[in-house]
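*Asks:* fold the following, please.
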Amino acid sequence: MSYLFNLVAALLSLVGLAAVALAFMLASPLKRPPPLASIHEGAMKIDAVGSPELSRFQARDGTWLAYRLYAATNGARDRIAILAHGSSAQSVEMNTIAAALAAAGVTAVAMDVRGHGASGTRGDIAYLGQLDDDLADLLGELKKANPVERFLLIGHSSGGGFALRVAGEPLGEAFDKFVLLAPYLGYRAPTNRPAEGPGLWASPDIPRIVATLALGRFGMDWPQALPAIAFANAPVAKMDVTPVYTYRLLQNYTAPEDWKGAFGKAKGRVAVIAGAEDELMDAPAYQRELPPLGVPVTILPGVDHMGVVWRPEAIKAIVAALNG
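*Replies:* Residues are numbered from 1 along each chain as shown. Sure thing, here's the model as predicted:
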């Protein structure tokens, strides 16, 4: 009897220690990295002149989400390209691309992805998978006015990872083509440069993320609402950016864990474009990893991470990829 009592006491002690450890991990403070000058300077070079006023549609949860509509200048209505900006950004980041597409006869829709810009609560979503639902709702809204459109999806950085996530899902069948611009393929992907020094863009709270994953195995999802990653934004940009993501936004606005499988499902419909001077992504790694999966890769000399959304040679490559 005493043996059983001691065993129960020991188990309770272990549970208590585990609970204390998880509490400390959840309480681990999120540290913001120093501003990454190249990202801010690159964002400042994006021409926002002529960007349309925000339009809005109501998602299935009742939230009004924002986007910018660039009508094809020749009046064509056979294709719509939906554009997903990079981490921490908003729809204006895609203005140069969207304007060029409109001039080339493709209607463009640049999203303020929920949790960014004028869509929802900055830095958060309500549940994992909500961004996928939002995209499906946006497609439904666009089809009301354009019932015979062909859809294309373009994403930059984390938006490129999200576009790949969509490509690997049933929702991806709604799109004829995916163009990924310097896509972030997840923290385990060989296409990332070391996240340190001049290339430190994001600082994840690893203890909090581990604790969130552990508690999620027991059906406790409330820690997913806690901040989990901070970005290296410049202080002067604080009115325009989303400096912190919760765990659930971090997990949803990125590539799937099986990113190779997602490329396989979209084979023949996906292309990757990146800059040779990208300070966050390893351009040669794209060339090593993706062509064997049937994915064409274009590397642009002299172009960095932000340059891929505004440099003239990048815009030319994007339009060519959509028409190829």
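*Asks:* C-alpha from now on. contacts and neighbour counts both.
*Replies:* Noted.
*Asks:* would you map the helices across the stretch 101-250 of the chain?
*Replies:* 130-145, 158-167, 206-216, 247-252 (DSSP state H, counting those that start in this stretch).
*Asks:* contacts for the shortest one next, please.
*Replies:* Residues external to helix 247-252 that are found in contact with it (C-alpha atoms under 8 Å, 6 or more residues apart in numbering): 115, 123-131, 162, 209, 223-229.
*Asks:* continuing past that helix, what's the next helix or strand?
*Replies:* Stepping forward along the backbone from helix 247-252, the first helix or strand reached (DSSP states H and E) is helix 259-265.
*Asks:* what's the following helix or strand after that following helix?
*Replies:* Per DSSP H and E, the first helix or strand lying C-terminal to helix 259-265 is strand 270-275.
*Asks:* just the CA trace of that following strand, in CSV.
*Replies:* Taking Å, rounded to 0.1, in the frame of the first residue of the first chain, the C-alpha atoms of strand 270-275 are listed here in CSV:
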residue,chain,number,x,y,z
VAL,A,270,4.1,26.6,-59.9
ALA,A,271,7.1,28.7,-60.5
VAL,A,272,9.7,30.3,-58.2
ILE,A,273,11.5,33.7,-58.7
ALA,A,274,14.1,35.0,-56.3
GLY,A,275,17.0,37.4,-56.2
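*Asks:* in its sheet, what does that strand sit against?
*Replies:* Strand 270-275 sits in its sheet next to strand 175-181 (parallel), strand 297-300 (parallel), going by DSSP bridges.
*Asks:* got the angle for it vs helix 158-167?
*Replies:* Relative orientation of strand 270-275 versus helix 158-167 (axes from the mean of the first three to the mean of the last three C-alpha atoms, to 10 degrees): 170 degrees.
*Asks:* adjust the sequence numbering to begin at 33 for everything that follows.
*Replies:* All set: I'll call the first residue 33, so the last point we hit is now strand 302-307.
*Asks:* state the mean pLDDT of strand 302-307.
*Replies:* If you average the pLDDT over strand 302-307, you get 98.
*Asks:* how far off centre is it?
*Replies:* Computed by C-alpha atoms, centre = their mean, to the nearest Å, the chain-centroid distance of strand 302-307 equals 15 Å.
*Asks:* what does stretch 121-139 give?
*Replies:* Using C-alpha atoms, centre = their mean, the distance between the centre of stretch 121-139 and that of its chain works out at 17 Å.
*Asks:* who touches it?
*Replies:* Stretch 121-139 is contacted from outside by 75, 78-80, 83, 99-113, 115-118, 140-145, 148-149, 272-274, 341-342, 347, 350-351, using C-alpha under 8 Å, 6+ apart.
*Asks:* buried residues in it?
*Replies:* Within stretch 121-139, the residues scored as buried using 16 or more other C-alpha atoms under 10 Å are 121-135, 137-139.
*Asks:* I figured residue 164 hits residue 196, correct?
*Replies:* No. In this structure residue 164 lies outside contact range of residue 196 using C-alpha atoms under 8 Å: 11.6 Å.
*Asks:* ok, the two, which is more surrounded?
*Replies:* residue 196 (32 against 18; other C-alpha atoms under 10 Å).
*Asks:* you'd agree that one is up against residue 293?
*Replies:* No. In terms of C-alpha under 8 Å, residue 196 does not count as a neighbour of residue 293; the distance is 9.9 Å.
*Asks:* wait, residue 240 sits on residue 60?
*Replies:* Yes. Here residue 240 lies in contact with residue 60, judged by C-alpha under 8 Å, at a distance of 6.3 Å.
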